[in-house]
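Asks: Show me the folded form of this:
(chains A, B, C and D)
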Number of protein chains: 2
Amino acid sequence: MDQAPVWLRRRSTGVGRPAERSQEEVTAAAIELADLDGLVAVSMRGVAGRLGTGAASLYRYVSGRDDLLDLMIDEVAAGYELPPPTGPWLPGLVEVGRQARALMLRHPWLPELVLTRPVIGPHGVDLLEHVLALLADHPAAPARKLEAFAVMNATTAAFALNELGAAERPAHGAGDAVRAARPARAAGRPDAYLAHAMAAGGHPHLTAALAGMTPTAVNSGDRFESVLADVLTGLLGPA
Amino acid sequence: MDQAPVWLRRRSTGVGRPAERSQEEVTAAAIELADLDGLVAVSMRGVAGRLGTGAASLYRYVSGRDDLLDLMIDEVAAGYELPPPTGPWLPGLVEVGRQARALMLRHPWLPELVLTRPVIGPHGVDLLEHVLALLADHPAAPARKLEAFAVMNATTAAFALNELGAAERPAHGAGDAVRAARPARAAGRPDAYLAHAMAAGGHPHLTAALAGMTPTAVNSGDRFESVLADVLTGLLGPA
DNA sequence: CCCACTTCGGGAACACTGTTCGCGAACACT
DNA sequence: AGTGTTCGCGAACAGTGTTCCCGAAGTGGG
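Replies: As a prediction, the model looks like this:
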């Protein structure tokens, strides 16, 4: 018998010794820690230390580290500012994606978490409801809409992850906070081998493609919105 | 100063005591272990035990657990059977996606890994080369093609992850191997809270959508190929 | 007022984890 | 036989998530 989801577990009755902290406080502390030093810093002892308590006490509010991570996801999802779902669906969905990307850049640990654990808490449900409201007049079958929601989330998270990874490469400067937040990986990872493969030859199209890349620092926010719009149009037809 | 990528590190010279194992053997053992009991089972001691050696010996072949995970990804990517890139690009790309999904269902730990670490080893480079070859005559800018490659990977992995998660839910039967391979998460996760949110009301579009879902067990392979084709068409224009 | 009863806090312990050190063994070459 | 270099790996270290269990801190009943 496994546990009920985190979000509908017993909340404190009036009886017994009153709790000195709350699940929200624990979640908030975990998020601060993750923003500061990355997901690896979110250890039970670490979070407890930041709250000035013992590690074992956390298990009064959270049934384990996994639960805490789920709570972190949904807590950040509270940051969406969802306007009333009016107007055509495409701009509405792109706006959702824009906000999602912003949240992920603000919390560099989020993409990895969202991609890995397909959980929906209260705020996630609100978000899904909003997306479905935007698509209310769309003729596609409900299953197609859910697929679109899933693909949209995956695309956004993957895009943000790449952006964050790219920010690690410059030697110093703006990427420092991000580098601190994702300390596990060495710098310059993804293409480290790419360069060697090109030099070794045998991959003509690859060399051609990389040579033809304009190193102009395009606004990656614009790129993202363009990609997302294209993907959604492909899935749900032209607006 | 961080390390050079795993794939171009010093291989054994003829001098000194000969190695009793190889990087390939270590990688293979790790993959077997992951196929059997999930990623959590891939611990240094675990892998070493399966090879009948001590844990510390592995560090002669691999510079750490992270390297090992990277090697696992690329080793599985050796399983692609890439036909000569002829014909229109859309079917070619969908075929690549088809194979990717098959590999991920055969190795349930792969999606999570691919989504989380954007690494490209030798076989990953070959795959990218193949995709670019398929798109050689396509007029899009190289950067757009790389974006399409990335989105394609993310979509495929996310789709496979959802499929694997869904396979956990039935009480018994075919999902057992998968359940063993991803033991960390409780069963029936993603929608566990969804049901409650619906019952509580306040999410009309959600309830409507879930009610309108046909529970027909559609061939999810077909669904995947359809989604992928739509996404790619959206990104790269109609074939 | 005191005594159940229930809940919370958290030190200590357990079973692990990844990783490093250092030493002895095993080979090739001179 | 000696030297240089590599490999194998037991032991140790610092850290992890989680459970036990006991004392503290409250509330409600007699």
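
Asks: Which residues of chain A lie near DNA strand C?
Replies: Contact residues, chain A versus DNA strand C (Cβ under 7 Å from any atom of the strand): A:12-13, A:15-21, A:53-57, A:59-61. No exception for glycine: its C-beta is placed from N, CA and C like everyone else's.

Asks: And those, which of them are buried?
Replies: Among the residues of chain A next to DNA strand C, the ones that count as buried by 16 or more other Cβ atoms under 10 Å in any protein chain shown are A:21, A:53, A:61.

Asks: any idea which element the second one lies in?
Replies: The one in question is residue A:53. Residue A:53 belongs to no helix or strand when assigned by DSSP states H and E.

Asks: you'd agree it is up against residue A:21?
Replies: Yes. Using Cβ atoms under 8 Å, residue A:53 is in contact with residue A:21, at 6.9 Å.

Asks: Tell me how far residue A:157 lies from residue B:237.
Replies: Distance, residue A:157 to residue B:237, by Cβ to Cβ, to the nearest Å: 25 Å.

Asks: More neighbours: the two, which one.
Replies: Applying other Cβ atoms under 10 Å in any protein chain shown to residue A:157 and residue B:237 shows that residue A:157 carries more neighbours, namely 23 against 14.

Asks: Please name the nearest non-neighbouring residue to the more buried one.
Replies: Spatially, and ignoring its direct neighbours in sequence, residue A:157 is nearest to residue A:111 (4.1 Å; Cβ to Cβ, 6 or more residues apart in numbering or on different chains).

Asks: Over to residue A:160?
Replies: Take residue A:160 and drop its neighbours on the chain: the residue closest to it by Cβ to Cβ, 6+ apart is residue A:104, 3.9 Å away.

Asks: interface residues of chain A facing DNA strand D?
Replies: Counting by Cβ under 7 Å from any atom of the strand, chain A sits next to DNA strand D at A:14-18, A:42-46, A:55-56, A:59, A:64-66.

Asks: circling back: residues of the helix or strand the residue nearest to residue A:160 falls within that come out buried?
Replies: Counting by DSSP H and E, the element that carries residue A:104 is helix A:89-106. Of the residues in helix A:89-106, those with enough neighbours to count as buried (16+ other Cβ under 10 Å) are A:89-90, A:92-97, A:99-101, A:103-105.

Asks: helices and strands around it, which ones?
Replies: helix A:110-116, helix A:122-134, helix A:142-167, helix A:220-236 (3 or more Cβ pairs under 8 Å, 6 or more residues apart in numbering or on different chains; DSSP states H and E).

Asks: quick check: domain ranges of chain A?
Replies: Here the domain parsing of chain A from automatic domain parsing is A:18-76, A:84-181+A:217-236.

Asks: I'd like those laid out as JSON lines, including distance to residue B:78 and mean pLDDT.
Replies: Listed next are the domains of chain A as JSON lines, based on distance: least, Cβ to Cβ, whole Å; pLDDT from 0 to 100:
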{"stretch": "domain A:18-76", "distance to residue B:78": "30", "mean pLDDT": "97"}
{"stretch": "domain A:84-181+A:217-236", "distance to residue B:78": "23", "mean pLDDT": "90"}
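
Asks: any idea which of the helices and strands packed on helix A:89-106 is most buried?
Replies: helix A:110-116 (a mean of 23; mean count of other Cβ atoms under 10 Å in any protein chain shown).

Asks: where's residue A:111 relative to residue B:115, distance?
Replies: Relative to residue B:115, residue A:111 is positioned 9 Å away (Cβ to Cβ).

Asks: Overlap of the contact sets of the two?
Replies: Shared contacts of residue A:111 and residue B:115 (Cβ atoms under 8 Å, 6 or more residues apart in numbering or on different chains): A:157-158, A:161.

Asks: Excluding sequence neighbours, find me the nearest residue to residue A:209.
Replies: Nearest residue to residue A:209 in three dimensions, chain neighbours excluded: residue B:142, at 3.9 Å (Cβ to Cβ, 6+ apart).

Asks: Residue A:154 too?
Replies: residue B:158 is the one closest to residue A:154 (Cβ to Cβ, 6+ apart), at 3.5 Å.

Asks: Spit out the contact partners of that neighbour.
Replies: By Cβ under 8 Å, 6+ apart, residue B:158 lies in contact with A:115, A:150-151, A:153-154, B:111, B:115.

Asks: repeat that with 10 Å
Replies: By Cβ atoms under 10 Å, 6 or more residues apart in numbering or on different chains, the contact list for residue B:158 reads A:114-115, A:118, A:150-151, A:153-155, A:157-158, B:111, B:114-115.

Asks: Same question for residue A:210.
Replies: Residue A:210 makes contact with A:191, A:194-195, A:198, A:203, B:132, B:142-143, B:146, according to Cβ under 10 Å, 6+ apart.

Asks: and residue A:17, helix, strand or coil?
Replies: With DSSP: H, G, I helix; E, B strand; the rest coil as the basis, residue A:17 sits in coil.

Asks: cool, the one 10 residues further on as well?
Replies: Under the three-state scheme (three-state DSSP), the conformation of residue A:27 reads as helix.

Asks: how close does the residue lying closest to it once chain neighbours are set aside get to DNA strand D?
Replies: Distances taken as Cβ to Cβ, 6+ apart place residue A:71 nearest to residue A:27, at 4.5 Å, with adjacent residues excluded. Look at residue A:71 and DNA strand D: by Cβ to the nearest atom of the strand, to the nearest Å, they are 13 Å apart.

Asks: How many neighbouring residues does residue A:71 have?
Replies: Around residue A:71 there are 23 other residues, counting by other Cβ under 10 Å.

Asks: Am I right that it is in contact with residue A:23?
Replies: Yes. Between residue A:71 and residue A:23 there is a contact under Cβ atoms under 10 Å: 6.9 Å.

Asks: Show me whatever sits in contact with both of those two.
Replies: Counting by Cβ under 10 Å, 6+ apart, the contacts common to residue A:71 and residue A:23 are A:6-7, A:61-62.

Asks: ok, the residue in chain A that chain B sits nearest to - contacts?
Replies: Using Cβ to the nearest Cβ, the closest approach of chain A to chain B is made by residue A:234 at 2.0 Å. The contact partners of residue A:234, taken as Cβ under 10 Å, 6+ apart, are A:148, A:151, B:227-238.

Asks: From residue B:147, how far off is it?
Replies: Computed as Cβ to Cβ, the residue A:234 to residue B:147 distance reads 13 Å.
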